[in-house]
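Undergrad: pasting a predicted model and its sequence here:
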Amino acid sequence: SGETPCASVESPVHPDRTEAMRLSRFHLATVKEVPADAEIISHKLMLRAGMIRKLAAGIYTWSPLGLRVLRRVETIVREEMNRAGAVELLMPSIQPQELWEETGRWQKFGGQLLKIKDRKEAGYCYGPTHEEVVTDFARHELKSYKQLPINFYQIQTKFRDEIRPRFGIMRAREFLMKDAYSFHVDAESLAAEYRNMYDTYTRIFTRLGLRFRAVDADTGAIGGSASHEFHVLADSGEDAIAFSNGSDFAANVEKAEALAPAGDRPAPAAAMQSVDTPTQKSIDEVSAFLGVAPAQCIKTIIVRGNEGLVALCLRGDHEINEVKAARLDELPGESVLADEAELVRAIGCKPGFIGPVGLPDSIPVIVDRAAAALADFVCGANAEGKHLRNANWERDARVTRVADLRKVVEGDPSPDGQGSLSIARGIEVGHVFQLGSKYAEALGATVLDDQGKARVMSMGCYGIGVSRIVAAAIEQNNDEAGILWPEAMAPWQVVICPINMAQSAAVREEAERLYEQLGARGIEVALDDRGLRPGPMFADAELIGIPHRIVIGDRGLAAGTYEYRRRGEAENRSLSRDELLALFD
Ligand code: ATP
Ligand code: MG
Ligand code: MG
Ligand code: MG
């Protein structure tokens, strides 16, 4: 009695020790070649480092290495959400059709919704987002204003049947999202929590070590009163954001356009002025004519079809969900046709971009951002505007577009009239929305207020692309040798590289000792005990982006030194044991 049951355990296991790793026992699987469809650097490096493996289009396995990084992101997101007062739950990924019919989104959500049937022919979808499910939960759980405000969140797998999954896990079909939903008795309470989440996102992306910008976003089809996107700045980003150097103005390009007062619109893009065709249809003109709200148009494009210029409004969100078209000469106002050569010259594109014209085959389209003086660029689409002709072609067009954006917009005043506008490319990693009562109303989610009266709750929703962040971080932090993880995201802080471990008992012992010692300090250490030659061993350490590398060899040991290199620095440093340990105090 009273005896310790674990008397046989000699030294207690430090909780962090489980985090330390011997690479001989870890499945590290770097590769030299990557498939040709890996276009952007993060996709290439994630494949080369062996972080992800493709199972099907937009569907990936996270290897043990990749998962370590993903978990780092998840942990920081979870810690900051908890600190902000949100409470974690976990909702199902399979969701019933009836619930989505209650909000009308079973029809409206579009092609991204993966619909499935069970053996009884009952309809379900794989959740692309959880407004329906969480509001259903809330309408059963929340009865009184006294339970509000409350913010529920989860970190969970989503599925969106993206029309063009690409860039690895950056635009995947299955991906990991942190989604949070807050419930309120009134708009003031919602606004306060929105601010709290905005600040929390700022803390999260700062802790992750990313260069990012929060921008004003259009609430678009989702509705609601306020919305911000958080973008990691990177040239490969799919989104364009506009910000001012003279004020706090920062918005995604759609919002910047929407904000520009119509009368004040800058003259048509400089590039277009050289064309003898002064008239461009503004987004407002086209959308008013077609009955599409400007905020819902992802693009207004002018197509050169068989019957002259046709204006198209493309609605949707990256994916084009709806196309409305009108002949340009049916639109109000004057329109003038430019010939092909003029357009090529004006836009500065390769002649091939404005190829043979003709419906219903593949047709070139000219995206008209001239209305907001943002850009004119060319990309290809089929007759319905649904499929871009091919990825490379479109990528080239993007390059043209970025250059044009810079040329055209920089130096113009911004919509708030202060400072001058710059354009950068961004990767959307977070999005906060004030939804208002849209979902609560559709699903009848009410609480009793302090007068005992039923009131429809106000809602906010807040998403973070947990898995996308991993790729976004690599886009910002890489060199010829591989990934340079921000410290907070690295799979291990330190890698110990013993030289000639098999032959030298001294090296072996010292490597083990240092491994134990650093590990006991709570530092996450990998010991590369695979017995590789120095070249391949160092190449792997650099490729997978470990911030600190310590090399142990007989020569250094004789002199009482270790060879240390910080990832990204060009020189080794020869450090004594004390100097080395001091780095990790
Ligand atoms: P995008 O504009 O890139 O399609 P979204 O606006 O459709 O993203 P939200 O509905 O705002 O996405 O979802 C919240 C977050 O989930 C996004 O900010 C993004 O970081 C992430 N996300 C969305 N779609 C994907 C995807 N296909 N693959 C990886 N992450 C995604
Ligand atoms: Mg999307
Ligand atoms: Mg978006
Ligand atoms: Mg979004």
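TA: Looks like it arrived, so ask away. Ligands and ions are numbered 1, 2, ... in the order given.
Undergrad: only C-alpha atoms from now on, for both contacts and neighbour counts.
TA: OK.
Undergrad: tell me the mean pLDDT for stretch 469-484?
TA: Mean pLDDT, stretch 469-484: 98.
Undergrad: can you list contacts of stretch 114-126?
TA: 93-98, 113, 127, 158-161 (Cα atoms under 8 Å, 6 or more residues apart in numbering).
Undergrad: need the helix or strand of this protein with the lowest average pLDDT.
TA: None of the helices or strands of the chain scores lower by mean pLDDT, DSSP states H and E than helix 270-273, at a mean of 24.
Undergrad: circling back to that earlier point, tell me which two in the contacts of stretch 114-126 are the farthest apart.
TA: Between any two of the contacts of stretch 114-126, the greatest separation by Cα to Cα is 20.1 Å, found for Glu98 and Asp161.
Undergrad: between the two, which one's more packed in?
TA: Neighbour totals were compared for Glu98 and Asp161, and Asp161 leads with 21 against 13 (other Cα atoms under 10 Å).
Undergrad: so that one, which state does it fall into?
TA: Put simply, Asp161 is coil when judged by DSSP: H, G, I helix; E, B strand; the rest coil.
Undergrad: which residues touch the nearest residue to it once chain neighbours are set aside?
TA: Leaving aside its sequence neighbours, Asp161 sits nearest to Gln112 (Cα to Cα, 6 or more residues apart in numbering; 4.2 Å). By Cα under 8 Å, 6+ apart, the residues touching Gln112 are 128, 160-163.
Undergrad: can you tell me which residues in the stretch 151-300 of the chain are near ligand 1?
TA: 169-173, 175, 177 (Cα under 6 Å from any ligand atom).
Undergrad: same deal with the chain?
TA: Neighbours of ligand 1 within the chain, by Cα under 6 Å from any ligand atom: 169-173, 175, 177, 318, 428-431, 463-465, 468.
Undergrad: would you mind listing which of those are buried?
TA: Buried residues within these, defined by neighbour count using 16 or more other Cα atoms under 10 Å: 169-173, 175, 177, 428-431, 463-465, 468.
Undergrad: now intersect these with the strands, please.
TA: 175, 177, 428-431, 463-465 (DSSP state E).
Undergrad: now, the most widely separated pair of the residues you listed?
TA: Taking Cα to Cα as the measure, these span a maximum distance of 15.5 Å, between Phe175 and His431.
Undergrad: now this protein, which segments are flagged as low pLDDT?
TA: 1-20, 218-224, 245-247, 253-413, 415-421 (pLDDT under 70).
Undergrad: any idea what the closest residue to Glu428 other than its chain neighbours is bridged to?
TA: Nearest non-adjacent residue to Glu428, counting by Cα to Cα, 6+ apart: His231, 4.5 Å away. Listed by DSSP bridges, the beta-bridge partners for His231 are Arg213, Glu428.
Undergrad: now Glu516, what's its secondary structure?
TA: Secondary structure assignment for Glu516 (three-state DSSP): helix.
Undergrad: can you count the residues close to it?
TA: Glu516: 16 surrounding residues under other Cα under 10 Å.
Undergrad: what about it, distance to Ala526?
TA: Separation of Glu516 from Ala526 (Cα to Cα, to the nearest Å): 11 Å.
Undergrad: could you name every residue contacting both of those two?
TA: With Cα under 8 Å, 6+ apart, Glu516 and Ala526 have no common neighbours.
Undergrad: quick revisit: show only the entries of the contacts of stretch 114-126 found in strands.
TA: Counting by DSSP E, the part of the contacts of stretch 114-126 found in strands is 94-96, 158-159.
Undergrad: and these as TSV, adding neighbour count?
TA: Putting the ones in strands among the contacts of stretch 114-126 into TSV (neighbours: other Cα atoms under 10 Å) gives the following:
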residue	neighbour count
Ile94	17
Gln95	20
Pro96	19
Lys158	21
Phe159	23
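Undergrad: for the residue of the stretch 451-585 of the chain found nearest ligand 1, which residues are in contact?
TA: Residue of the stretch 451-585 of the chain nearest ligand 1, by Cα to the nearest ligand atom: Gly465 (3.3 Å). By Cα under 8 Å, 6+ apart, the contact set of Gly465 is 175-178, 428-430.
Undergrad: can you list the residues you listed in JSON lines and add distance to Ala38?
TA: Supplementary listing: the contacts of Gly465 in JSON lines, determined by distance: Cα to Cα, whole Å:
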{"residue": "Phe175", "distance to Ala38": "18"}
{"residue": "Leu176", "distance to Ala38": "20"}
{"residue": "Met177", "distance to Ala38": "23"}
{"residue": "Lys178", "distance to Ala38": "26"}
{"residue": "Glu428", "distance to Ala38": "20"}
{"residue": "Val429", "distance to Ala38": "20"}
{"residue": "Gly430", "distance to Ala38": "24"}
